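Visitor: Attaching a predicted model along with its sequence, questions to come.
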Amino acid sequence: MLPLAWTVLLVAYAILVLVVQGVPLYLAAQMPHLREPRRPTPTAPAPFVSVIVPARNEREDLGSCLDGLLSQTYPSLEVLVVDGESTDGTREVAQAREPRINLLGEPPLPDGWVGKNWACWTGAQKARGEFLLFTDADVRAGPDAVWTAVEWAQSERADLVTFATRIEMVGAWEKIVLPFYIQMVLTYFRTPRVNRPNSKAAMANGQFLLVRRSAYEETGGHKAIQGRILEDVALAQRFRAAGKVLRVAWAPELVTTRMYRTPQEMYEGILKTVSGVRFSAARQLAFACGLVAFYWLPLTLLPIGLLAGSVWVTVWGAILWVALFGKHVAFNRAARGSAAYGLLFPVAVGYYLVLVLVSLGRGIRGRPLEWKGRFYRMGN
């Protein structure tokens with residue numbers, strides 16, 4: 001039998017784990033969900049929108065992205081593709097759709113700039129729109145996506161509107177890892193709290209990010225965050241600091257993306273997100289400990305209770321097994337993934353833990369991040 005003090009401690013730990021596991025579910029329930037397209041009958045001319053697509057070696061995805069943008073029902077927009085010295089035929093994909101799109105060549109990347117930020121800034125300097133819509137080359141927008149974003153921005157008097165997209169998960173690793181990745185992003189950035197007027201929370205999704213040009217210029221745009229690899233979050237933070245109105249919603253019926261096509265691409269992409277370019281050993285260690293403490297260790301309570309002959313620990317251990325596996329199955333389904341892969345959430349946690357430890361090791365040794373064939377030094 002376990003001593004009473006240990007039993008109480010383990011039961012209290014189980015309750016804490018349940019509370020922590022409930023956080024992403026609570027936040028997900030608070031997220032606005034734009035299910036229906038918004039196409040109002042305009043009482044005034046629709047504001048001009050410039051869609052800016054940074055593209056570096058995006059031949060496989062760019063065509064469907066541009067076709068979706070060119071099929072928009074929105075009556076007043078231009079599409080600018082900023083080619084980042086691609087070598088895979090990306091330019092040819094864009095050129096095949098001229099003159100309906102404007103193809104811009106990205107000038108040589110200046111020192112201190114992240115490639116995507118430079119491409120977005122280059123496009124913004126050529127754009128004519130009252131609104132600027134930054135979207136990734138692997139995003140497919142439904143025909144009413146731009147209308148909905150502009151209408152929501154106007155009705156909310158928002159300076160920044162961003163959509164969480166439906167993420168296509170094709171390969172096994174995508175189905176295992178990406179739903180857990182969504183939970184981490186939702187929890188870390190307290191995403192739905194961005195919509196609260198007095199909140200300090202600030203985040204955006206660079207896959208689909210609409211801003212008023214006036215607010216973009218006032219806050220310095222991508223030039224002000226030139227070295228930040230998580231440019232969407234950094235831009236939202238500048239908007240928040242300047243007192244601008246931010247809005248975020250889940251819009252899986254309007255916007256879709258397949259973030260990564262290969263396991264290597266997913267590894268580099270999530271490592272980039274985990275690391276950023278501002279290294280903190282304390283933060284990475286705390287993250288690693290949290291992953292173990294709240295996702296792996298709880299699964300040991302059931303065998304501990306059985307081995308120790310403790311009814312209370314056994315019962316709470318069984319509750320944790322049901323709660324953790326059930327929660328991840330439900331979240332996978334809600335994220336439009338495969339529910340059965342939620343049963344493999346311990347593997348997803350291990351994958352994330354490896355990335356955190358790799359990031360920690362790289363930071364300690366001063367090794368740069370690699371993304372899209374470019375290297376970025378991690379600062380402190």
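Guide: Yep, that arrived.
Visitor: domain ranges for this protein?
Guide: The record's domain parsing of the chain by automatic domain parsing lists 4-27+274-363, 32-165+205-260.
Visitor: what about the closest residue in space to residue 189 that isn't next to it in sequence, distance to residue 27?
Guide: Once flanking residues are discounted, residue 189 sits nearest to residue 203: 3.9 Å by C-beta to C-beta, 6 or more residues apart in numbering. (Glycine included, C-beta is placed from N, CA and C.) Per C-beta to C-beta, to the nearest Å, residue 203 is found 12 Å from residue 27.
Visitor: so what's in contact with those two at the same time?
Guide: By C-beta atoms under 8 Å, 6 or more residues apart in numbering, residue 203 and residue 27 have these common neighbours: residue 191.
Visitor: In terms of neighbours, single out the busier of those two.
Guide: The residue with more neighbours, out of residue 203 and residue 27, is residue 203; 23 against 17, by other C-beta atoms under 10 Å.
Visitor: and that one, what is it in contact with?
Guide: 185, 189, 191, 194, 232, 233, 236, 248.
Visitor: again, only this time at 10 Å
Guide: By C-beta atoms under 10 Å, 6 or more residues apart in numbering, the residues touching residue 203 are 162, 185-186, 188-191, 193-194, 230, 232-237, 240, 246, 248.
Visitor: and the gap between residue 279 and residue 362?
Guide: From residue 279 over to residue 362 the distance is 8 Å, taken as C-beta to C-beta.
Visitor: Tell me how many other residues surround residue 111.
Guide: Count around residue 111 with other C-beta under 10 Å applied: 6.
Visitor: Between the domains of the chain, which one is closest to residue 181.
Guide: Residue 181 lies closest, by C-beta to C-beta, to one member of the domains of the chain: domain 4-27+274-363, at 7.5 Å.
Visitor: can you pull the buried residues of the helix or strand harbouring residue 26?
Guide: Following DSSP states H and E, one finds residue 26 within helix 4-30. Neighbour counts over helix 4-30 (16 or more other C-beta atoms under 10 Å) mark 7, 10, 11, 13, 14, 17, 18, 21, 24, 27, 28 as buried.
Visitor: What strands line up against the very next helix or strand once past it, and which way round?
Guide: Per DSSP H and E, the first helix or strand lying C-terminal to helix 4-30 is strand 49-55. Taking DSSP bridges as the criterion, strand 49-55 forms sheet pairs with strand 77-83 (parallel), strand 131-135 (parallel).
Visitor: So which elements touch the helix holding residue 26?
Guide: Here helix 4-30 touches helix 172-188, helix 301-308, helix 311-334, going by 3 or more C-beta pairs under 10 Å, 6 or more residues apart in numbering; DSSP states H and E.
Visitor: And the strands in the stretch 101-250 of the chain, which stretches?
Guide: With strands called from DSSP state E, counting those that start in this stretch, the stretch 101-250 of the chain shows them at 102-105, 131-135, 139-141, 160-164, 166-167, 208-212, 246-250.
Visitor: which other helices and strands contact the fourth one?
Guide: With contacts defined as 3+ C-beta pairs under 10 Å, 6+ apart, the packing partners of strand 160-164 are strand 131-135, helix 145-156, helix 172-188, strand 208-212, helix 231-241, strand 246-250.
Visitor: Kindly export the longest one (C-alpha atoms) in CSV.
Guide: Output for helix 172-188, consisting of C-alpha atoms alone and laid out as CSV, is shown next (Å, rounded to 0.1, in the frame of the first residue of the first chain):
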residue,chain,number,x,y,z
ALA,A,172,0.8,9.1,-41.3
TRP,A,173,3.2,11.5,-39.6
GLU,A,174,1.0,14.4,-40.5
LYS,A,175,-2.0,12.7,-38.9
ILE,A,176,-0.1,11.9,-35.8
VAL,A,177,1.8,15.1,-35.2
LEU,A,178,-0.3,18.0,-36.6
PRO,A,179,-3.4,17.8,-34.3
PHE,A,180,-1.1,18.0,-31.3
TYR,A,181,0.8,20.9,-33.0
ILE,A,182,-2.6,22.7,-33.3
GLN,A,183,-3.2,22.1,-29.6
MET,A,184,0.2,23.6,-28.6
VAL,A,185,-0.4,26.7,-30.8
LEU,A,186,-3.9,27.2,-29.4
THR,A,187,-2.7,26.9,-25.8
TYR,A,188,0.6,28.8,-26.0
